[in-house]
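Enquirer: Sequence first, predicted coordinates after that:
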Amino acid sequence: MAQQVEKAAELQDPEIRAELDRLAREEGETVVVNGGTGGKTLEAQERLAEGRKKGGRSRTTESGNERAEEDGGVVIEPDEKLLEEVKKDLGRQ
């Protein structure tokens, strides 16, 4: 069974995505939580986080898919502190 991947609502907003991507590219910020480190762009960090959440989390007797199903699927979310800073910079609450 293929895992469903969902992005947080904030990551679907083009203006917020553009600013998070700029922070990743220009300032080297990690903008996605849970495994997003290492990517040089927002998209790269999302792919890394997705792959790790799907099956590369840790060694246990369960498969990655079983763990993801128990967790309710895969949700890619931005770093909350950084997201609040971006929203503030964009004049959003």
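Expert: Structure received. Numbering: from 1, shown residues only.
Enquirer: what's near enough to touch residue 7?
Expert: With contact taken as Cβ atoms under 8 Å, 6 or more residues apart in numbering, residue 7 is in contact with 46, 75-76. In this view, the C-beta of every residue, glycine as well, is placed from N, C-alpha and C.
Enquirer: One more pass at 7 Å, please.
Expert: Counting by Cβ atoms under 7 Å, 6 or more residues apart in numbering, residue 7 makes contact with residue 76.
Enquirer: Do you know the pLDDT at it?
Expert: Note for residue 7: predicted pLDDT of 82.
Enquirer: which phi and psi does it have?
Expert: phi -100, psi 140 (degrees, to the nearest 10).
Enquirer: Bridged to it, which residues?
Expert: Beta bridges link residue 7 to residue 76 when assigned by DSSP bridges.
Enquirer: all helices for this protein, in order.
Expert: Ranges of helices in the chain, per DSSP state H, are 14-27, 42-55, 64-70, 80-89.
Enquirer: Rebuild these as a markdown table, extending it with mean pLDDT and mean neighbour count.
Expert: Putting the helices of the chain into a markdown table (pLDDT from 0 to 100; neighbours: other Cβ atoms under 10 Å) gives the following:
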| stretch | mean pLDDT | mean neighbour count |
| --- | --- | --- |
| helix 14-27 | 91 | 16 |
| helix 42-55 | 80 | 19 |
| helix 64-70 | 53 | 15 |
| helix 80-89 | 91 | 14 |
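Enquirer: Lovely, talk soon.
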